[in-house]
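K.L.:
Take a look and give me a structure for this.
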Amino acid sequence: MVMLSMGCPSGLRSLSLCFLTCTASASVLYIRDPVPDGYVAAPYYPAPYGGWADGWAESYGKAVELVSRMTLAEKVNITAGTGLFMDGPLGVRTTDNNTAFPAGITTGATFNKELIYQRGVAMGEEFRGKGANFYLGPSVGALGRKPRGGRNWEGFGSDPVLQGFAAAETIRGVQDQGVIATIKHLIGNEQELYRMYNPLQQAYSSNIDDRTMHEIYLWPFAEGVRAGVGSIMASYNAINGSAASQNSYILNGLLKDELGFQGLVMTDWLGQISGVASALAGLDMSMPGDTVGNSIPLIGYSNWMYELTRSVLNGSVPVDRLNDMATRVVAAWYQLGQDKDYPPPNFSVNTADSEGPLYPGALFSPVGVVNEYVNVQADHKVVAKQVAQEAVTLLKNNGSFLPLSTSSPLFVFGTDARADPKGVNSCVDKSCNRGLLGMGWGSGSANYPYLDDPISSLKRKAANVTYYATDSFPSVPTPDSDDVAIVFISSDSGENSYTVENNHGDRDADGLKAWHNGDELVQKAAAKYSNVVVVVHTVGPIIMEPWIDLPSVKAVLVAHLPGQEAGDSLTEILFGEASPSGHLPYSIPVSEDDYPESLDLVATPLSQTQDTYSEGLYIDYRHLNKAGIKPRFAFGHGLSYAQFAFSNATITRVTQLSEVPPARPPKPTSPVASLNASLPAASEAYYPDGFSSIWRYLYPWLPRGDANKAYAIGAAGERKYPYPEGYSPTQRAQGPPAGGPSGGNPALWDVAYQVSVTVTNTAAAGPRSPAGKAVAQAYVQFPPDAGFDTPVVQLRDFAKSAALAPGQSAVLSLSLTRKDVSVWDAQRQDWVVPRPRGRYVVWVGGASDGLRVACYADTLVCEERGEGPV
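P.N.:
Model (predicted):
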């Protein structure tokens, strides 16, 4: 892979912020590599109204009534920076007395839907307790297409179905507490390098074909919309040549019309690059409302606020578009019950002191109490620890070497075993890899209230522990044959806001290697000790070939990014108090060259980089299976101290399938259509009499002369905005055939087949055989005569048992929906079951390469097979 070296200083958003800080607003750019033939950002106008889904009817009724009483300026005011929006996906960022939960990638590795929901509940309670209106998560984009991608760890794994289930459960958990969840980043944000627009370079364009868009990258967003998510964040990058925050096909067409999204669409921070164009394309809220230039003293600018007011008055932005924007914002507020007893914000992101400026960013500001230090942790450490523990993935355990005895002499190596000696929060946004790696860096991080590190836990539990806090193998005494070396290594990544050890968000410098000479540390430990256990804290796959087959390396565990509960969650597994039950949410290849070249990081400086998804559906295990490449450890792999057998499988047909789904329900008239859409009076934009503005703050009002001038233009109707090709102000009577309320055509979620399987712990009872939790993974294999190119197998559902003691069994149920056995037909623009009566095979097992139970959709017979499909 060809990697780039970037010259921006650490702490800047790479090339983007180097130049953006010199300007008030990102300008239109024209220099770019050509978008490849066949990748088109088709125009889709106008922005569909919200309010036509039954589940949102009451909220829209209230919202329409409130918006009908708003002035022009009041409507505009809630389309930028309204409410308290807080990162991150793993906990409340930039505050105190919070829980630092395990990261998304760790959560995905649990393969436990109920536990994922409980994590969402706990996070929702904390965001609400801090007075945050919006939880800026979950993240499903990056989905994990590129193994080196910087923010893959914020999501749940390199599979759309795993991402979709985890996102939906997280959304339900958070929103059940009244907090508005924000699924992000829509869409194609699969690398950090060159992600943002700046005056010298456009953000890269993710070029994605229609089928790949639907079957891979849009899939988890559809699940999030179906779960009722209140908000969606657009990504920084372009899609098929058009910026995400003003891409009418993505926002108006796919999201609001096809998926029937009823909430609001916001930009990523400082991601808005136009005013009128973004409003027409379906953007509802600009965050934080200004541009990077407003951070420069005495200068402020917004693409909306007073400019949006001007654009409505002069007729450029239709009034009904502003009505819909405002109503979507207010409807989400009502939908989550934030109009009733919702706590106000009680902390500041600008200072850790009790008192601070009441108008942060102002040249002069009165001072008052801004931090109340509200403790929102409750007992959330319990669910945080359970997630961290159930995610621990045992990759190798030669001769059942684990679990260890607490009386064994233990020799621990690697700085990753201990907390950062300079302080667990000493690096802003975790922008260093010093000490234990509990989360990646950037806006997806959170402060630790404390960190239970592995070395402290080992010393609490074991009688004889020697720790070498170094990443260079030291001189050690000659070991005895029963001595055990535990080696901790890591691999980090994060947001392109920071450069860490020459990695610019993505793992562009270190690739898939362990950081800090981790491979050499393991090799030297294995040369000295007869028994080596390797513990990996990582954001994603690392290449293990330099040491994985060394005879001294007896066991390998991936603890992912465990958050604050990194210690006991791991050592209880090392010592057999619990059995590992995590499964890989990505594949670990033998070589990075096993991936297609299209998954490399790409860049063409001073142009618009074209990132073309030419691999189509074939990422991660889908690609490896198609290419016949055996990974070192396959997607879904995970060992246990228990031994599980699957038996007595049955398959039931629940819905008789047709090639195309039943017709979508009619799209009713939105209550937004009842709002007054006539040109408002100029007086609605005047500054209020006697109003005293704060220097550098941005407002929706205009000086009277400006408002009158804009109104005169709009009332005359002679000067027209240069609307984009394909623009129409007329609402479409019906949406696309695949569309429907809150996720798409409801028939897509009809259960097609129900599979039941018995899992039994066949291990012999004994002190080294603790109870274990089994994971059943269901993959679909399409009929060979389907007429579409489909991956060998595709994950469609999973279920996790309770802890099973030796000899105990449980029955697990798995479902496949109509959508699960469909493909996206780009010609019909609909989901199609290629062979409704064909031989679909539902494979069940413990990993994508460990599928030994086959259930046939045509005969409704299941059998145990000696060999799986891969």
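K.L.:
Would you mind listing the buried residues in stretch 399-407?
P.N.:
Neighbour counts over stretch 399-407 (16 or more other Cβ atoms under 10 Å) mark L402, P403, L404, T406 as buried. All C-beta spots, glycine's among them, are computed from the backbone N, C-alpha and C.
K.L.:
which residues touch the first one?
P.N.:
Pointing back at L402 there. The contact partners of L402, taken as Cβ atoms under 8 Å, 6 or more residues apart in numbering, are L394, V533, K554, A555, I573, L574, G576, Y641.
K.L.:
where exactly do the helices run in the stretch 1-150 of the chain?
P.N.:
Along the stretch 1-150 of the chain, counting by DSSP state H, counting those that start in this stretch, helices occupy 14-20, 57-67, 72-77, 104-109, 113-129.
K.L.:
contacts for the longest one?
P.N.:
Same thing as helix 113-129. Residues from elsewhere that reach helix 113-129, judged by Cβ under 8 Å, 6+ apart: 86, 90-92, 98-99, 101-102, 107, 110, 135, 137, 165-166, 169-179, 342-343, 374, 376-378, 380, 383-384, 386-387, 390, 798-800.
K.L.:
try the third one
P.N.:
Taking Cβ under 8 Å, 6+ apart as the criterion, the residues outside helix 72-77 that touch it are 67, 304-306, 308-309, 312-313, 322-323, 325-326, 680, 684-685, 699-701.
K.L.:
what sits up against stretch 312-322?
P.N.:
With Cβ under 8 Å, 6+ apart, stretch 312-322 has contacts from 46-47, 49, 72, 75-76, 79, 276, 279-280, 308, 311, 672-673, 675-680, 682, 685, 702, 707, 710-711, 713-714, 717, 719-721, 729.
K.L.:
mind running it again at 7 Å?
P.N.:
Contacts to stretch 312-322, defined as Cβ atoms under 7 Å, 6 or more residues apart in numbering, come from residues 46-47, 72, 75-76, 276, 279-280, 308, 311, 677-680, 682, 685, 707, 710-711, 713-714, 717, 721, 729.
K.L.:
what packs against the helix or strand that contains V412?
P.N.:
Following DSSP states H and E, one finds V412 within strand 410-413. Strand 410-413 sits against helix 454-461, strand 465-468, strand 484-491, with contacts defined as 3 or more Cβ pairs under 7 Å, 6 or more residues apart in numbering; DSSP states H and E.
K.L.:
Mind listing the strands that strand pairs with, and their directions?
P.N.:
Sheet pairing of strand 410-413 (DSSP bridges) gives strand 465-468 (parallel), strand 484-491 (parallel).
K.L.:
now that strand, how far from the chain's geometric center?
P.N.:
Taking Cα atoms, centre = their mean, to the nearest Å, one finds the center of strand 410-413 at 35 Å from the center of the full chain.
K.L.:
mean confidence score for it?
P.N.:
The average pLDDT within strand 410-413 is 98.
K.L.:
repeat for stretch 444-462
P.N.:
In this model, stretch 444-462 has a mean pLDDT of 97.
K.L.:
Which residues belonging to that stretch are considered buried?
P.N.:
Of the residues in stretch 444-462, 444-449, 451-459, 461-462 count as buried by neighbour count, 16+ other Cβ under 10 Å.
K.L.:
what about that stretch, distance to the chain center?
P.N.:
25 Å.
K.L.:
Need the CA coordinates for it. PDB is fine.
P.N.:
Taking Å, rounded to 0.1, in the frame of the first residue of the first chain, the C-alpha atoms of stretch 444-462 are listed here in PDB:
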ATOM      1  CA  GLY A 444     -15.300   9.700  19.700                       C
ATOM      2  CA  SER A 445     -13.400   9.600  23.000                       C
ATOM      3  CA  ALA A 446     -14.400  10.500  26.500                       C
ATOM      4  CA  ASN A 447     -12.700  11.300  29.800                       C
ATOM      5  CA  TYR A 448     -12.000   8.400  32.100                       C
ATOM      6  CA  PRO A 449     -13.400   8.800  35.700                       C
ATOM      7  CA  TYR A 450     -10.800   6.200  36.600                       C
ATOM      8  CA  LEU A 451      -9.100   3.400  34.800                       C
ATOM      9  CA  ASP A 452      -8.900  -0.200  36.100                       C
ATOM     10  CA  ASP A 453      -5.800  -1.300  34.300                       C
ATOM     11  CA  PRO A 454      -4.800  -4.900  33.800                       C
ATOM     12  CA  ILE A 455      -1.500  -4.800  35.800                       C
ATOM     13  CA  SER A 456      -3.300  -3.500  38.900                       C
ATOM     14  CA  SER A 457      -5.900  -6.200  38.500                       C
ATOM     15  CA  LEU A 458      -3.300  -8.900  38.000                       C
ATOM     16  CA  LYS A 459      -1.500  -7.800  41.100                       C
ATOM     17  CA  ARG A 460      -4.700  -7.900  43.100                       C
ATOM     18  CA  LYS A 461      -5.500 -11.500  42.000                       C
ATOM     19  CA  ALA A 462      -2.200 -13.300  41.500                       C
END
